[in-house]
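Novice: Sharing a model that was predicted from the sequence below.
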Amino acid sequence: MTTRQLRLLSGGAAHGVVEKLVPQFRDETGAEIVGSFGPVGGMRDRLLAGEPVDLVILTKSQIAELAAAGRVLPATCADLGRVRTGVAVKQGDPMPDISNSAALRETLLGAREIYFPDPERATAGIHFAKALERLGVRETLAPRLRPHASGAAAMGAMSRASGHGLLGCTQITEIMITPGVTLVGPLPGEFELATVYSAAVCANAAETGLARRLVSLLAGTLTRTLREQCGFELGNS
């Protein structure tokens, strides 16, 4: 007997929450979640290119655009919470000062290597590249920048890298699910980025019922604590 599958495309920010819900979802439905996680731009483009998908988790603004275009079902859209972009160090390294723009600039200039997601397609990577420009350090730091396809990939590479003096910048949810790295905190005031993520059932979903059930789990009151533990901020979004 073939096991039913729910096909999911998701921004990397929701990876930790989805993975923790897999056993419960399997027990309740008998179905498996077949998920792809990465920069939201790439996930959106795969949906628009016609890839068969049941459920997407993207930024709230992207979901709204897809709903307006008839690519997701508006009545199924639900917010998971807000995710901030933060700074990480390797586990055991001292916590640097990132309390304001001047401190952040000095901390970045003192780093040996800096790991972050795709500056062209990933939400946090695009934002971080702009922050480097505004701080006037992007050219100076260019030889030390280590971009990766996603925030999870960047944090994984940082955790495996040897030595000290390494920094990472990506969404806090991706930092918190990576063993070997430690969250320092969110980017300071003027560089703050907080992104609301939403889930929606795709208009061409083959497993609409399964997709609706996963949305209810992801955004429901019973998973509030789980989402907070994974780095989501809840409340008015």
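Specialist: Sure thing, it's come through. Numbering: from 1, shown residues only.

Novice: Point out where the protein drops to low pLDDT.
Specialist: 1, 236-237 (pLDDT under 70).

Novice: continuing past the lengthiest helix in it, what's the next helix or strand?
Specialist: Counting residues, the longest helix in the chain under DSSP state H turns out to be helix 15-29. Next helix or strand after helix 15-29 toward the C-terminus (DSSP states H and E): strand 32-38.

Novice: between the very next helix or strand once past that next one and strand 32-38, how big is the angle?
Specialist: Heading C-terminal from strand 32-38, the first helix or strand you meet, by DSSP H and E, is helix 40-48. For helix 40-48 against strand 32-38, the angle by axes from the mean of the first three to the mean of the last three CA atoms, to 10 degrees is 130 degrees.

Novice: Just give the closest residue to L8, not the sequence neighbours.
Specialist: Excluding the flanking residues, the one nearest L8 by CB to CB, 6 or more residues apart in numbering is G35, at 4.0 Å. Heads up, the C-betas are built off the backbone N, CA and C, glycines and all.

Novice: pretty sure the one you found contacts V18?
Specialist: Yes: with contact defined as CB atoms under 8 Å, G35 and V18 form a contacting pair (5.9 Å).

Novice: Could you name the helices and strands sitting against the top strand by length along the chain?
Specialist: Assignment by DSSP state E gives strand 78-90 as the longest strand of the chain. Packing contacts for strand 78-90, counted by 3 or more CB pairs under 8 Å, 6 or more residues apart in numbering; DSSP states H and E, involve helix 123-135, helix 151-160, strand 166-171, helix 172-176, strand 181-186, strand 194-201, helix 208-219, helix 224-229.

Novice: For these, please prepare CSV with the additional fields mean neighbour count.
Specialist: CSV is the format used below for those (neighbours: other CB atoms under 10 Å):
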stretch, mean neighbour count
helix 123-135, 21
helix 151-160, 22
strand 166-171, 29
helix 172-176, 26
strand 181-186, 18
strand 194-201, 23
helix 208-219, 20
helix 224-229, 14
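
Novice: a markdown table for these, including distance to T59?
Specialist: A markdown table is the format used below for the helices and strands packed on strand 78-90 (distance: least, CB to CB, whole Å):
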| stretch | distance to T59 |
| --- | --- |
| helix 123-135 | 7 |
| helix 151-160 | 14 |
| strand 166-171 | 11 |
| helix 172-176 | 13 |
| strand 181-186 | 17 |
| strand 194-201 | 6 |
| helix 208-219 | 15 |
| helix 224-229 | 16 |
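
Novice: Before I go, just wanted to say thanks for your time.
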